[in-house]
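Enquirer: fold the following for me, if possible:
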Amino acid sequence: LENTQPSGSFKIRGIGNLCQNALTRGCSRFVSSSGGNAGAAVAYAGRKLGIEVIVVVPATTPEFMRSKIEAEGAHVRVHGDVWDEADLLAKEIVDGDPHACYISPFDHPDIWEGHATMIEEVQAQLAEVGSAPPSAVALSVGGGGLLLGACVGMQRCGWDAVPILAAETEGAASLSATVAAGRIVALPSITSVAKSLGARQVSTECLRWLRTRPIVARTVTDHQAVKACQEFATHHRYLVEPACGAAIALAYLPDRLPSGSAPLVVVVCGGNIISPTILDDLVHQVG
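Expert: Below is the predicted model:
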């Protein structure tokens, strides 16, 4: 239940680790790009560490999400129509500021190290109830930070044979395109309602893990992701974004899951860009 993290998503694990390490290296300003959730994590980390934060968001980031980031004390700049364009400006700001550090939303070893802790925690929880390793770990993929963190954590736990079910929505399936091509593929655009999965391409590090461990790319429709958000809210009383719903949808689609009696681990990655009104609008939008 990474949706219960203080910044609203799993992002604080890895980004918090990266920010702490950047501080020890002498950084006095964090600059990041985000569609929303990474920005919230950087802003939260910056406030806790007493460091100035600048977050560049695309125009598609809702006003209430920008306000949430600002409420943590960060400065928000709006640039471009997609995350990739906002990211270019964030890097330009860092290039012109010797005191600033670029805080990637997903593509840094410190981020993967931080995200790996959730797998180690799951292993400890399963051990407490005497359970064997899971049949699979289902998670959502945008830029690949969560996927890479899971790969690192599962290697440490000795879960090398446990498959990762990497869920994406149609219209944001850059990992699936990469798997099919055998090389990193950049999507021409993001057309899914799951805007938090809106990186046009995954980290190049994903290729290495695709070649060395079982990773199964799974694509769901926007309708299936949004429906999963509805069902999860009904069954567990938590609201999550469609980006998170992509992974949850697999739990509601038995034909997409491995056979066997071992438990399935689903990473509820969370997300801030959701409310009852937004979910209702999405239901009508995707049919």
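Enquirer: which residue, other than its chain neighbours, is closest to residue 122?
Expert: Leaving aside its chain neighbours, residue 122 sits nearest to residue 265 (5.7 Å; criterion: C-beta to C-beta, 6 or more residues apart in numbering). The way it works is simple: take the backbone N, C-alpha and C, and place the C-beta from them, glycine included.
Enquirer: output the contacting helices and strands for the strand or helix carrying that neighbour.
Expert: According to DSSP states H and E, residue 265 maps onto strand 264-266. Under the contact definition 3 or more C-beta pairs under 8 Å, 6 or more residues apart in numbering; DSSP states H and E, strand 264-266 sits against strand 136-140, helix 242-251.
Enquirer: list of residues touching the shortest one?
Expert: By C-beta atoms under 8 Å, 6 or more residues apart in numbering, the surrounding residues in contact with strand 136-140 are 119, 122, 146-147, 150, 154, 159, 162-168, 197, 216, 218, 243-244, 246-247, 250-251, 257-258, 264-267, 269.
Enquirer: any idea how far it is from the chain center?
Expert: In terms of C-alpha atoms, centre = their mean, to the nearest Å, the centre of strand 136-140 is found 12 Å from the chain centre.
Enquirer: swap in the longest one?
Expert: Distance of helix 242-251 from its chain centroid, counting by C-alpha atoms, centre = their mean, is 12 Å.
Enquirer: coming back round to it: in the strand holding residue 265, which residues are buried?
Expert: 265, 266 (16 or more other C-beta atoms under 10 Å).
Enquirer: please name the nearest non-neighbouring residue to residue 209.
Expert: residue 151 (4.5 Å).
Enquirer: with just CA atoms, put stretch 183-197 into CSV.
Expert: C-alpha atoms of stretch 183-197 as CSV (Å, rounded to 0.1, in the frame of the first residue of the first chain):
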residue,chain,number,x,y,z
ARG,A,183,15.7,-2.1,-28.0
ILE,A,184,14.6,1.1,-26.2
VAL,A,185,11.6,2.5,-28.1
ALA,A,186,10.3,6.0,-27.6
LEU,A,187,6.6,6.4,-28.2
PRO,A,188,5.5,9.2,-30.4
SER,A,189,3.0,10.4,-27.8
ILE,A,190,1.1,9.4,-24.7
THR,A,191,-2.6,8.8,-25.4
SER,A,192,-3.6,7.0,-22.3
VAL,A,193,-5.6,8.6,-19.4
ALA,A,194,-2.9,7.1,-17.1
LYS,A,195,-0.8,10.3,-17.4
SER,A,196,1.5,9.2,-14.5
LEU,A,197,2.8,6.5,-16.9
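Enquirer: so which strand or helix has the closest residue to residue 51 other than its chain neighbours?
Expert: Of all residues not flanking residue 51 in the chain, residue 30 sits nearest, at 5.6 Å (C-beta to C-beta, 6+ apart). Assigned by DSSP H and E, residue 30 falls within strand 29-33.
Enquirer: quick one: contacts of that strand?
Expert: 15, 19, 22, 38-39, 42, 45-46, 51-57, 83, 86-87, 89-91, 93-94, 97, 99-105.
Enquirer: can you name the element that comes right after it?
Expert: Next along from strand 29-33, by DSSP H and E: helix 37-49.
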